[in-house]
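Colleague: sequence plus predicted model, see below.
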Amino acid sequence: MADRAERAAGTGRVRTVRQPSLLRWPLRIAVIVYLVLLVVWPVAIVAVKTFERGVGPVLDALAQPEVVFAFELSAANAFWAVVVNTVFGVGISLLLVRYEFPGRRALSALVDLPLSVSPVVVGLALLLVYSGRTGWFGPTLEHHGLQVIYAQPGMIMATAFVSLPLVIREVVPVLHEIGTEQEQAATSLGASPVQTFLRITLPAIRWALLYGVVLTLARSLGEFGAVNVVSGGVALRTQTATLLVQERYNQFGADNTTAAYAASFVLALLAIVALVVVSSLRPQERDR
Amino acid sequence: MNVPLLDRLHVRGVAVVATAAASSLLLAGCVGGSTTSGDSGSGASGSGSAVIHLVGYSVPKEANGAMEKKFEATPAGQGVTFEEAYGPSGDQSRAVVNGLAADYVSFSLEPDVTRLVKAGLVDPSWSANATKGMVADSVVVIAVRKGNPKNIHGWDDLIKPGIKVITPNPASSGSARWNTLAAYEHTISDGGSDAQAKDYLTQFFTHVESLPGSGRDATNAFLSGDADALISYENEAILARQSGEDFDYVVPDESVLIENPAAVTTKATPKAKDYLDYVLSADGQAQFAAKGFRPVVPGSPTGTVQGANDPANPFPTPKKLVTIADLGGWDAVTSKFFDDKTGIVTQVQQSTGKSK
Amino acid sequence: MTTAVSSALAGPAAAEDDPRPGRRPTGRRRLTTLTRGSGLGLGIAMIWFSLLVLIPLVAIVVQATAGGWTTYVAALTSPQTLAALRLTVGQAVLVTAVDVVMGTAIAWVLVRDSFVGKRVLEVVIDVPFALPTIVAGLVLLSLYGTGSPLGLHWANTSHAVTLAFLFVTLPFVVRTVEPVLMEIEPEVEEAAASLGASRFTVFRMVILPSLAPAITSGAALAFARAISEYGSLVLLSGNLPYRTEVASVRILSFIEGDQLTEAAAVASLLLVVALVVIVGLEIVSRRVARHG
């Protein structure tokens, strides 16, 4: 018996496609079972394990100075990574979309590179250039008082590296879509480039920008591999929330295990909140 | 475009929540950023508030934690805070050479401090004190499952068919170097030749099912897996049992005396030297003993040590105990066993690795 | 409904020539040559990009070749490194194959099916994309490590590597296939069906060819992601040499052992794969644009 599929969100068209009913249930079950076994059940178990000994130990764990510091450090790194990648991201997007110059295609492809590179490779790359003893620029920088590796600047660079493409990938398609008509109209009416940008371009890309910022934030908070290489993991100094999870998991004692799970729970919660925010924003952006 | 009112409100609501969440996170980032970007470099001294950067190998974290608390209560330790990093001894030593801030370093074996001396970070006179630079001792022991179901009582039992052993990786871990030394030397102590000892070591490595990075990693791998034996420090086995882990350990008849050094770096804050003095005092040594380490200052009382096989007599002396001095000092030992190309352990690891 | 990952996967270059309705540039696009202001802007942006990305990546290549060709080859062919590379690539290929099948199936269910709770699945699929990798390791350990309610003790085995790869690559094929599946004109399928084609033939001859580029790009991204994975394996796999040690872990132990040339050698290999994937995707997206 033919089935009618529902209206597909996004295009607003009624689709009447014949569904092979023989395949419908097995497919549904296979997909649901796969996702439950791979994602839903493990995440649920972690949530349960976090509160195994009750809410008290979890709150105690989260109140430890090392844990508080680790989250503050993660937030600080994420903040600066967002700032850097938003400012330069919008700039690069405008350049890639509105202008023609030699190497534009290559730059556009290279911007995607951080998404496919291993975080350990990122850490190694930064280490080779900025290490205080053997790096290309490191010794000079340290001579002038700026320590990059084993200090926060290195962690911010690592975090910015891995989340670099996210804002750009959101803003570029929107810049393509809106075209240059309004901007040209504004310029012909006498607006300066800054005015045009602030009044015309920025409002047009604001949803895509917010989208990219939330993605960058989520990615930056969760960064582990690259930061592991460049930071040294010193508690109360260069230990982020993700590094703390690894350290505490490897210590004896129920308190340390609870701390590892509690930090993981908070990180997972932040990730899911970011996802929900972003998926609620999406229809708005399309209805624009 | 005509957007229904409800949709617009919904969207506004989501936008407000999103902006609020994002801004609070970013504000926390600002606050966190200003506190962390504040002080850099070791030892911001003055007005009694000092930071000691402690870089250590993986197992003395709890012992140092206890000693730090006691130290902070003493007059010399007023206003001192510690920032610590623990990891495999070799890796931590290399990290300090590469720029990891350190005032007080505590490693598993002397060569890891010598590396810092060669890099100009520790004064060559660091070991010219009563304890020759050491702060704690231990012995190599064999940890087994509760009840010792596989009946492992000594080194030779480890190479019986089907026995799975965990020891850390000699490339990164100090514990691993003590372990492989003890494994090799037990044959010599029993009257065997170098060839026989190397043969034993080869068989030993074929039974190794896992080579974690540090001593602590190895303990965790043993506790969460199904290996039959873990080679580790006596103090690590005691501490794990103190923390509630349920397993037994055997002090074999032949073992090596583990001597763990600690030193203060050349550019360290003066408080680091005070901490080292405290660690070597009777009080500090008692703290070490409570966590399962053998005190290095002769005559230090040990008290009862929870988690030891016999809490009243926690540190029995193995029948045949070899020291590094017996073997000709660390330079000789390092070149004989751990040289990158010709070291005995290196060769054995390569030959057993290929055969897997 | 596209969500977080799909637009992130579309890529900036693809949008230019992308023929799909939602993405066609509605305004007139005019590329201008650089003015002085924008030239300055490009200069500043390039400096930032170089300091952060380009120069460090070049440093890897330089360090890798520091000892000459023989050292490079020796570093890559040492037994432990070869084992790590073999494990990484082998598992990544296996996992990508599973992703292609399951990813298409999931995308199909999301687009063509409807049931209570389908929206929850949408968020579930993106979880691996947003979750910190170290937390992912903890998450997988809870169900597949010691103490597993299913009785599966896969920690410290190569199954753990498969599991970790499957987890982190879950969203990729789904999110590249989903938008394409949504845009497929039902009229062509109905026409084929009315001409007597069986459902399977319709799928094979009408739907699958349109999905092929999307599946390919999703698979390429999944493969690149899998070989780069590190965080989730730290707790889950035990990083046992010759058994569960993957390429990233090998690089890390080289770094910690101060063997930077060997580390850079293996890293350069991973970089080459990443570049191949990106360039390949560029070519695929341009081919799609040409043939519409």
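Modeller: Structure's in. What do you need? Numbering: from 1, shown residues only, chains lettered A, B, ... in the order given.
Colleague: tell me the pLDDT of the residue of the stretch 151-300 of chain B found nearest chain A.
Modeller: Closest approach between the stretch 151-300 of chain B and chain A, counting by Cβ to the nearest Cβ: B:Ser243, at 3.7 Å. Heads up, the C-betas are built off the backbone N, CA and C, glycines and all. pLDDT recorded at B:Ser243 is 87.
Colleague: what helix or strand is the residue nearest to it when sequence neighbours are not counted on?
Modeller: Spatial nearest neighbour of B:Ser243, chain neighbours left out: A:Phe252 (3.7 Å); criterion: Cβ to Cβ, 6 or more residues apart in numbering or on different chains. Using DSSP states H and E, A:Phe252 maps to neither a helix nor a strand.
Colleague: would you agree A:Phe252 is in contact with B:Glu245?
Modeller: Yes - if you go by Cβ atoms under 8 Å, A:Phe252 and B:Glu245 touch, sitting 6.6 Å apart.
Colleague: more neighbours: which of those two?
Modeller: Shown here are A:Phe252 and B:Glu245; by other Cβ atoms under 10 Å in any protein chain shown, A:Phe252 has more neighbours (21 against 18).
Colleague: if I look at the more buried one, how far off is B:Ser224?
Modeller: Using Cβ to Cβ, to the nearest Å, A:Phe252 is found at 12 Å from B:Ser224.
Colleague: which parts of the stretch 151-292 of chain C sit against chain B?
Modeller: C:153, C:155-156, C:238-243, C:253, C:256-258 (Cβ under 8 Å from any Cβ of the partner chain).
Colleague: the strands in chain B, which residues?
Modeller: For chain B, the strands defined by DSSP state E cover B:50-57, B:80-87, B:104-106, B:134-144, B:165-166, B:208-210, B:229-233, B:248-250, B:254-264, B:294-295, B:320-322.
Colleague: which residues belonging to the second one are considered buried?
Modeller: Read that as strand B:80-87. Neighbour-count burial for strand B:80-87 flags B:Val80, B:Phe82, B:Glu83, B:Glu84, B:Ala85, B:Tyr86, B:Gly87 (criterion: 16 or more other Cβ atoms under 10 Å in any protein chain shown).
Colleague: give me the element A:Glu66 is part of.
Modeller: Going by DSSP H and E, A:Glu66 is in helix A:65-98.
Colleague: is the helix or strand following that helix positioned near chain C?
Modeller: Next helix or strand after helix A:65-98 toward the C-terminus (DSSP H and E): strand A:99-100. Yes - applying Cβ under 8 Å from any Cβ, one finds strand A:99-100 touching chain C at A:Tyr99, A:Glu100.
Colleague: show me where the stretch 101-250 of chain C has helices.
Modeller: C:118-130, C:133-144, C:158-183, C:186-194, C:199-202, C:208-228, C:231-236, C:247-256 (DSSP state H, counting those that start in this stretch).
Colleague: check which helix or strand the residue nearest to the spatial centre of chain A maps to.
Modeller: Computing the C-alpha centroid of chain A and ranking residues by Cα atoms, centre = their mean puts A:Arg219 first, at 2.3 Å. In this assignment (DSSP H and E), A:Arg219 forms part of helix A:202-221.
Colleague: could you point out which element follows that helix?
Modeller: helix A:225-231.
Colleague: and B:Ala308, what pLDDT?
Modeller: 90.
Colleague: wait, A:Ala271
Modeller: pLDDT, read off for A:Ala271, is 92.
Colleague: what do you get for C:Arg20?
Modeller: pLDDT at C:Arg20 comes out at 41.
Colleague: if we can go back for a sec, highest neighbour count among the residues of the stretch 151-292 of chain C next to chain B?
Modeller: Most neighbours among these, by other Cβ under 10 Å: C:Asn239, with 27 neighbours.
Colleague: on that earlier part again, and the buried residues of strand B:80-87 as CSV, adding distance to B:Tyr57?
Modeller: Formatted as CSV, the buried residues of strand B:80-87 follow (distance: Cβ to Cβ, whole Å):
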residue, distance to B:Tyr57
B:Val80, 22
B:Phe82, 16
B:Glu83, 17
B:Glu84, 12
B:Ala85, 11
B:Tyr86, 7
B:Gly87, 7
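Colleague: redo those as CSV? Include pLDDT and distance to B:Pro261.
Modeller: As requested, these are arranged in CSV below (pLDDT from 0 to 100; distance: Cβ to Cβ, whole Å):
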residue, pLDDT, distance to B:Pro261
B:Val80, 93, 22
B:Phe82, 93, 19
B:Glu83, 91, 21
B:Glu84, 91, 17
B:Ala85, 91, 17
B:Tyr86, 91, 16
B:Gly87, 88, 16
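Colleague: and these near chain A, which?
Modeller: Among these, chain A is touched by B:Glu83, B:Glu84, B:Ala85, B:Tyr86, B:Gly87 when using Cβ under 8 Å from any Cβ.
Colleague: ok, now which ones touch A:Gln195?
Modeller: Taking Cβ atoms under 8 Å, 6 or more residues apart in numbering or on different chains, we find A:Gln195 in contact with A:Ala186.
Colleague: what's the separation between it and A:Leu202?
Modeller: A:Gln195 sits 11 Å away from A:Leu202, taking Cβ to Cβ as the criterion.
Colleague: now B:Lys160
Modeller: From B:Lys160 to A:Leu202 the distance is 73 Å (Cβ to Cβ).
Colleague: again, but for B:Gly299
Modeller: B:Gly299 is 75 Å from A:Leu202, by Cβ to Cβ.
Colleague: compare neighbour counts for those two and give me the winner.
Modeller: Neighbours were counted for B:Gly299 and for A:Leu202 using other Cβ under 10 Å; A:Leu202 has more, 12 against 7.
Colleague: now that one, nearest residue through space, not along the chain?
Modeller: With Cβ to Cβ, 6+ apart as the criterion, A:Leu202 has its nearest non-adjacent residue at 7.8 Å, and that residue is A:Leu209.
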